[in-house]
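K.L.:
I'll drop the sequence and a predicted model, then ask my questions.
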Amino acid sequence: MFSSPHFQPKRLLSLALALLFATALACAPAPKPETVTATQQLKDDAGRNVTLPAHVERVITLAPNLTEIVFAIGAGNRLVGDTSYCDYPAEAKNVAKVGDTLHPSLERIIALKPQVVLISTASQLETFTQQLQNQNIAVFVTDPHDLDGVFRSIEQVGRIMGEEQQANALVQKLRDRANAVEQAVKQEPPVRVFYQASGEPLYTAGHDAFVTDLIRRAGGISVTAEIPGAWPKFSNESALAAKPAAIILPTGGSMGAPNSTPAEALRSSPAVQTGRVYKINDDHLARPGPRVVDGLEEMARALHPEAFKQ
Amino acid sequence: MLEARDVTIKYDERVAVANVSLRLAAGEITAIIGPNGAGKSTLLRALNGQVRRSSGAVLLDGEPIEKLSRRAIGRRIAVVAQEAELRFPVTVLEFVLGGRFAWASNAGWGWETEKDLSVAGAVLRETELTDLSGRLMNELSGGERQRAVLARALATEAAHLLLDEPTANLDLSHQSTLLSLVRNRCDQHQAAALVVTHDINLAAQFADQIVLMKHGQVLDAGPPQAVLTPELLREVFEITVLVDAHPVTSAPRVTPVHGRRS
Amino acid sequence: MTTRVTLRRTLIACSALTLALVAAIVAMSLLGSEPLPARASLCAIFSAGTSPCGLSRDQYDILFQLRLPRILLAAAVGGSLATAGASYQALLRNPLAEPYLLGVSNGAAVGTMVALVFFGTLEWSRPVLAFGGALIATLAVYQLARGRAGTTPERLILAGVIVTTFLSSVIVFVTTLMDATRIRSFNFWLLGDLSGPTHTLLPIVIAISVVGTVALTLNARSLNLLMLGERDAFDLGVEVGRVRILVFVVASLLVGSSVAASGSVGYVGLVVPHLVRLSLGSDNRISIPAAALGGALFVIVADTVARTVIAPRELPVGAITALIGAPLFIYLLKRV
């Protein structure tokens, strides 16, 4: 056959190549229409412009307050990871744990394939955020300094998760409750309060702690409201000299029972002498989430019981 | 009187000193000669109670040395050895006064007495260090430092001096000075001295008794003339030597004959 | 120093330092985050607290319940740490030996942490377990350092660095197991915190400081000889083993009680003995008591800075001792 006079190898070769080419063309995948993942841009509390997917299906929270917010706005089923401290609401305990707030596991986070990770500055994760961003995981920082800041956090998370309606409704309800409290105590003279974050050593809430704002709204005035910083270590002498009329002890809650007695230096204060030492669930004061309004109400009731007698 | 009776010292399986008996007589210098590893320094250290014996006894004035307190021993035995590196500034006088520790009535926070100062002064004169007494030890030359170590030992007024290679690292003149001082102490105060040394000829000049040691055992002991013989020295050092009399002092003079091994 | 240390010189130096210490206690008690009227305060102090001299109830409380106890605690801690440092330096023949470097401080810190976590309510447990931790660390260092040729100072320092870094990791490990709120306060304590309650611990720390310093001073002459060489000291009549055990136990007590009360205040055991030796000589009969007094002065001043410079907030006193101590030490090194 090869020696047939009609056989010409060169023509056969070009035919074969043409056939190969045509087959190749036929098997090539049809070019996809270019998928433009819809994104949204938000500015977070650290001043960063964060680009996130418009529709977030998988989110991880690295602080208990953020977990509470996500559940409160109805997006709990899209939470794929949270910290070992996240215990509220009850469903939060069933979510996969990525570690604690200070040292979460980067590998676990990445393995859970979140689209965005919500961080509170309490976590102090500077280098961490850089590594997440390298993995194309958006990082959003919340850092409220007052109650309005907490409401803004709820709204921000609402926007991120596409639950603006829920979020706004929640914020409205909370705002109403907060306003009701402020109204109730408006007439009363503000009570001088010492917020004891820890007794031994003595730590208190400073100017930048959102609790300071809560105290103000609850009809109190924090004696350490002007101290710079959020959680300063405070001098025993100044605590004694401050002579607060009331002492707030954030205790109980998930952190357990420490800090349940006032510090030695406050022993002679009017607060201790008149028994105005109020233990309030730490989780209602330490987590800038929906439950701070519970804390606000509890503080207000403690500081101004007459204003709440029905 | 310091005496070793049938002392054996073993480190695990290795025998460092084997059944050695030795007596240091007052007014005499005894030299121990032997190759490296013969057990000379170990024996010396056993004599002041530092090294524990496996068997045998060390008696100081008739009492077993373990029964005595360190201070009691320190009043009767003084050691001159290579001085440790000094990491804190100390003057020659302070250094020499250290020798008076064993005599302190209050060893805790006691302060030096007039007697301590006068003994130190005498000893500094004896060792010709009086002019240097205010200088720091680290500023002295090697020979001067070794004299200070000897001065400290003399300040203890101990009746027994144990010297471990006291002339190593010293030049000829200092070697001679040092041993002369020891000789004086023995002659004038009836001290007994034990000198471990590598320098056979120096030992021949100054020692009243020479002890030859090898592999932890004493091969022979006696006056230099009797012990420093070519046969014995060949046995100890495995080298041929020529022994003649020093032309001036007539002490035995040992000269190795290199290149001829027996 | 070419002049010999005598009893007279020692008594003069120690009296001068004691006067300076008393003056410092009185002077620093006038400083704090709350202003107190100077004349009234001085009057109250010199009346030994019997007369308020015109101070208000609060001012009186601040002065006698808070400030003076804290100053006395600072003095006791400073004295203890400096004495311990001076003794280690003499025993180990190394001017760089000090409680932190040898792992003793960290051992005491681990002991205190164990007490806080497991026996939180028993205040006594802290100094007891701190002493235990310090002693265990000391023994661990000593065992590690034993070689065939005995324990040279180099091996001891090396073993000390190993033990101290190991214990640091243990501390970090336990800290990460603590919850976030306690971490902040614990880290503060680890850097030295004299603001703790003093009622039960202060008398203990003062007593240990005094007894320990006396015990070590009573062995100063032995330490003088040990400082020049362990073998030489042995030959000259020092009961080396006994003195060594004494220094280890007493120093552990000193460090343990200080750490239990106030965390790790660094540099005191290193800088103060050195300063004292440079000015008064290396004789331990003068330098140990002088170090105790000097250490007390040093920490009183450092703590006053720590509690006034950003008042009413506070800094950990260990940060101040390091800030003063490190440059001072560099300066000393260059001079020597």
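P.N.:
Received, thanks. This one's a predicted model, so the numbers in the text were calculated from it and none came from an experiment.
K.L.:
how about residues contacting the helix or strand harbouring C:T112?
P.N.:
Element membership for C:T112 (DSSP states H and E) is helix C:104-118. Helix C:104-118 is contacted by residues C:84, C:99-100, C:122, C:125-126, C:128-138, C:140-141, C:163-164, C:167-168, C:170-171, C:174, C:186, C:190, C:251-252, C:255-256, C:258-260, C:263-264, C:266 when judged by CB atoms under 8 Å, 6 or more residues apart in numbering or on different chains. Backbone N, C-alpha and C define where each C-beta goes, glycine included.
K.L.:
my guess is C:L225 contacts B:G98. True?
P.N.:
Yes: applying CB atoms under 8 Å as the test, C:L225 and B:G98 come out as touching, 5.5 Å apart.
K.L.:
and for the two, which residues touch both?
P.N.:
Residues touching both C:L225 and B:G98 (CB under 8 Å, 6+ apart) are C:232, C:236.
K.L.:
inside helices: which ones of the contacts of helix C:104-118?
P.N.:
Taking DSSP state H as the definition of helices, the contacts of helix C:104-118 contribute C:84, C:125-126, C:128-138, C:140-141, C:163-164, C:167-168, C:170-171, C:174, C:186, C:190, C:251-252, C:255-256, C:258-260.
K.L.:
contact residues of chain A facing chain B?
P.N.:
Residues of chain A that fall close to chain B, judged by CB under 8 Å from any CB of the partner chain: none.
K.L.:
let me see the domain layout of chain A.
P.N.:
Domain segmentation of chain A under automatic domain parsing yields A:39-170, A:188-308.
K.L.:
can you give me the end-to-end span of the first one?
P.N.:
As for domain A:39-170, its first-to-last residue distance stands at 25 Å under the measure CA to CA, to the nearest Å.
K.L.:
so for it, mean pLDDT?
P.N.:
In this model, domain A:39-170 has a mean pLDDT of 87.
K.L.:
quick one: it near chain C?
P.N.:
Yes: with CB under 8 Å from any CB as the criterion, chain C is reached by domain A:39-170 at A:85, A:100-103, A:122.
K.L.:
farthest pair within those residues?
P.N.:
Within those, A:H103 and A:A122 form the most distant pair, 12.8 Å apart (CB to CB).
K.L.:
mind checking which of those two has more residues around it?
P.N.:
Set side by side, A:H103 and A:A122 show more neighbours around A:A122, with 20 against 12, by other CB atoms under 10 Å in any protein chain shown.
K.L.:
where's C:S279 relative to chain B, distance?
P.N.:
The gap separating C:S279 from chain B is 13 Å, by CB to the nearest CB, to the nearest Å.
K.L.:
out of the domains of chain A, which one sits most buried?
P.N.:
Ranked by mean neighbour count, these are led by domain A:188-308 with a mean of 21 (mean count of other CB atoms under 10 Å in any protein chain shown).
K.L.:
now that domain, how far from the centre of its chain.
P.N.:
How far domain A:188-308 lies from its chain's middle: 22 Å, per CA atoms, centre = their mean, to the nearest Å.
K.L.:
what's the first-to-last distance across that domain?
P.N.:
Using CA to CA, the end-to-end distance of domain A:188-308 comes to 11 Å.
K.L.:
who touches the residue nearest to C:Q89 when sequence neighbours are not counted in this structure?
P.N.:
Closest residue to C:Q89 apart from its sequence neighbours, by CB to CB, 6 or more residues apart in numbering or on different chains: C:A97 at 4.8 Å. Neighbouring residues of C:A97 by CB under 8 Å, 6+ apart: C:85, C:88-89, C:91, C:153, C:156-157, C:160.
K.L.:
likewise C:L194?
P.N.:
By CB under 8 Å, 6+ apart, the contact set of C:L194 is C:70, C:73-74, C:77, C:261-262, C:299, C:303, C:306-307, C:317.
K.L.:
which of these are close to chain A?
P.N.:
C:70, C:307.
K.L.:
could I get the contacts of C:L194 as CSV with neighbour count?
P.N.:
As requested, the contacts of C:L194 are exported to CSV (neighbours: other CB atoms under 10 Å in any protein chain shown):
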residue, neighbour count
C:R70, 25
C:L73, 24
C:A74, 30
C:V77, 31
C:A261, 27
C:S262, 29
C:V299, 34
C:D303, 30
C:A306, 25
C:R307, 29
C:V317, 29
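K.L.:
closest to chain A among the contacts of C:L194?
P.N.:
C:R307 (5.9 Å; CB to the nearest CB).
K.L.:
what's the helix or strand for that closest one?
P.N.:
Using DSSP H and E, C:R307 maps to helix C:284-308.
K.L.:
do A:R192 as well
P.N.:
Assessed by DSSP H and E, A:R192 sits inside strand A:191-198.
K.L.:
list the neighbouring strands of that strand plus their orientation.
P.N.:
For strand A:191-198, the paired strands and their directions (DSSP bridges) are strand A:203-204 (antiparallel), strand A:220-222 (parallel), strand A:246-251 (parallel).
K.L.:
reformat those strands as CSV; add distance to C:V271.
P.N.:
Output for those, formatted as CSV (distance: least, CB to CB, whole Å):
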stretch, distance to C:V271
strand A:203-204, 30
strand A:220-222, 40
strand A:246-251, 40
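K.L.:
to B:C186, which of the ones you listed lies closest?
P.N.:
Using CB to CB, the strands paired with strand A:191-198 put strand A:203-204 closest to B:C186, at 75.8 Å.
K.L.:
residues making contact with that closest one?
P.N.:
The contact list for strand A:203-204 (CB under 8 Å, 6+ apart) reads A:194-197, A:224, A:227, A:231-234, A:239, C:184-185.
K.L.:
same thing but at 6 Å, please
P.N.:
A:195, A:197, A:224, A:231, A:233-234 (CB atoms under 6 Å, 6 or more residues apart in numbering or on different chains).
K.L.:
dump those residues to CSV, plus pLDDT.
P.N.:
Below are those laid out as CSV (pLDDT from 0 to 100):
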residue, pLDDT
A:Y195, 95
A:A197, 89
A:T224, 94
A:W231, 87
A:K233, 89
A:F234, 92
